[in-house]
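1. sequence first, predicted model second:
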Amino acid sequence: MNKNINIHFLGGAGVVTGSKFLLETSEKNILIDCGMFQGLKELRDLNWNNIPFDVQTIDVVLLTHGHLDHVGYLPRLVKQGFRGEIIGTAPTLAIAEIILKDSAKIHAEHTEKANKEKYSKHHPALPFFTEEDVEKTITLFNVEMIDKWVRLSKNISYRFQYNGHIIGATFVELDINSKRFVFSGDIGRPNDYLLEDPKKPEWADFLFLESTYGNKLHPKENIENTLTELVNEVILKKGNLIIPSFAVERLQTLMFILWRLYQKNKIPNIPIFIDSPMGNNVLEVFNRFPKWHKLSTQDYNAMCYHINIIQSYRETWETIDDKRSKIIIAGSGMVTGGRVLTYLQQIIDNPTTTVLLVGYQAEGTRGRQLQEGAHEIRFFGKYYPVKANIRTIESLSAHADQNEIIDWMKLIKNIPETVYLTHGEPSALDALRLKIKHVYKWNCTIPKLLQIDKVMI
């Protein structure tokens, strides 16, 4: 084969979201992940640009996991002419289908509302993709096992390896003409409540490494004690604890911890509501794939029985009107959309409300604004004063921190020819670059968005 490979950094370069890495070879054109940009408006606007490559010549998409910033651009890719396979583990494709269908509904709702209330500068506002686009996309899904080398062509093979983070998540090893390209995806954490520890790569000639928390260490806080204190504070104030939550993994983890606190008599039988249609569907993925997580069938059933799972928008309003102190876990985790907006719109101006942020908040999101002390917040074209108590638990993050990323690399036996640092904000990328240089004496490259690197193999 021609030994030149062009690496196209179509997303996840210099930013945390929008992961898309295209390897252009003489045998196959391979896209690793196909995510949406999130956060700042200037990034979100990039989603509307077509990929600067002939999409019809892309042969296959390999997915590390099902989060929106890794799969959310797939319907647009298909709309632009992609007809190849979209390959991932069974839980990853199940999660991707849930997330894409949910996103299509949200796009439709927001578009309808924007057109009705005329708060969009686009006339008419258009959805990013439709449910029909999603249906076309999932016909291209193809399941593959972990720990199995799969041949794509004469000189190209790949393998998925378990990576924690969320159910189904993997890192991808891609062997091209005897050189190994390793794509970390998002690295999970050791000692997770629900997931096994991530596996570690043992060889990498070219390493594409996520850097989300490349400049941070997760605090060694006692999550159960913190949640216990918060719940008791809310009961004392006769208020509500609102937890904006990512529907995949974080929501299920919170359910498990709160149920366990009740089992241990650390919190009273306060009503707990889960209001996330997507989260409910992800719960079913846990039920379908028990070998992918630690939760026993007995504990799964007991946890679900203990918690009120909201099934309709009517029940959302009934919950808002319920005068009891309660815990509400609702999507989305960065407060960018979903049911949590309905709750916050009604009660974020009430000092008895506590909002608990439990994950990474990207620049430009409402979650980041709240985290940084915003005195008002905008929902659906209107501003609302923030009088609620805003709290954060950082150690529930599903992303490895700096030390855990460094540890994840420790079994690599060779010195990589190139380490590309991706999926991070500039300060995180640079801090991780310096740490890797210090620990391993490896040089790292921080690619720019739309950069194309030519490598010889």
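-> On my side now, so go ahead.
2. measure stretch 371-388 end to end?
-> Chord length of stretch 371-388, first to last residue, is 12 Å (Cα to Cα, to the nearest Å).
3. can you check stretch 343-354 too?
-> Stretch 343-354: ends 12 Å apart by Cα to Cα.
4. average pLDDT for that stretch?
-> Mean pLDDT, stretch 343-354: 95.
5. also stretch 158-178?
-> Per-residue scores along stretch 158-178 average to 97.
6. tell me which stretches of the stretch 1-150 of the chain form helices.
-> Applying DSSP state H, counting those that start in this stretch to the stretch 1-150 of the chain gives helices spanning 41-44, 68-71, 74-79, 90-117, 131-138.
7. same question for the stretch 251-400 of the chain.
-> According to DSSP H, counting those that start in this stretch, the helices that the stretch 251-400 of the chain contains are 277-288, 297-306, 313-321, 340-347, 366-371.
8. now residue 131: how far from residue 75?
-> 9 Å (Cβ to Cβ, to the nearest Å). For every residue, glycine as well, the C-beta is placed using N, CA and C.
9. still on that earlier bit, mind putting the helices of the stretch 1-150 of the chain into TSV with mean neighbour count?
-> As requested, the helices of the stretch 1-150 of the chain are exported to TSV (neighbours: other Cβ atoms under 10 Å):
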stretch	mean neighbour count
helix 41-44	14
helix 68-71	27
helix 74-79	23
helix 90-117	19
helix 131-138	17
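10. the ones you listed: which one's closest to residue 287?
-> Nearest of the helices of the stretch 1-150 of the chain to residue 287, taken as Cβ to Cβ: helix 90-117 at 10.9 Å.
11. roughly how far does the closest residue to residue 110 other than its chain neighbours sit from residue 276?
-> Counting by Cβ to Cβ, 6 or more residues apart in numbering, residue 337 is the residue found nearest to residue 110 once chain neighbours are left out, at 7.1 Å. Distance, residue 337 to residue 276, using Cβ to Cβ: 11 Å.
12. list the residues that contact the spatially most central residue of the chain.
-> The residue lying closest to the centre of the chain (Cα atoms, centre = their mean) is residue 67, at 3.9 Å. Going by Cβ atoms under 8 Å, 6 or more residues apart in numbering, residue 67 touches 35, 95, 99, 166, 186, 246, 248.
13. surely the fifth one meets residue 65?
-> Yes. Taking contact to mean Cβ atoms under 8 Å, the distance of 6.4 Å between residue 186 and residue 65 places them in contact.
14. please identify which of these two sits among more neighbours.
-> Between residue 186 and residue 65, counting by other Cβ atoms under 10 Å, residue 65 is the more crowded of the two (30 against 25).
15. so the more buried one touches residue 92, yeah?
-> Yes. The pair residue 65 and residue 92 qualifies as a contact (Cβ under 8 Å) at a distance of 5.4 Å.
16. so, low pLDDT: which residues of the chain?
-> For the chain, applying pLDDT under 70 flags the ranges 1-2, 114, 118-123.
17. domains for it, by residue range?
-> Structurally, the chain divides into domains by automatic domain parsing as follows: 4-216+399-456, 223-392.
18. first vs last residue of the first one, how far apart are they?
-> Spelled out, that is domain 4-216+399-456. Using Cα to Cα, first and last residues of domain 4-216+399-456 are 5 Å apart.
19. check stretch 189-208 too.
-> End to end - Cα to Cα - stretch 189-208 spans 18 Å.
20. which of the residues in it are buried?
-> 189, 192-196, 198-199, 201, 204-208 (16 or more other Cβ atoms under 10 Å).
21. what do you get for stretch 175-187?
-> Neighbour-count burial for stretch 175-187 [16+ other Cβ under 10 Å]: 175-176, 179-187.
22. end to end, how far does that stretch reach?
-> Note: stretch 175-187 ends 20 Å apart using Cα to Cα.
23. same question, stretch 299-316
-> Stretch 299-316 end-to-end distance (Cα to Cα) = 26 Å.
24. other residues contacting that stretch?
-> By Cβ under 8 Å, 6+ apart, stretch 299-316 touches 255-256, 258-259, 262, 271-275, 280, 283, 286-287, 295, 319, 339, 342-343.
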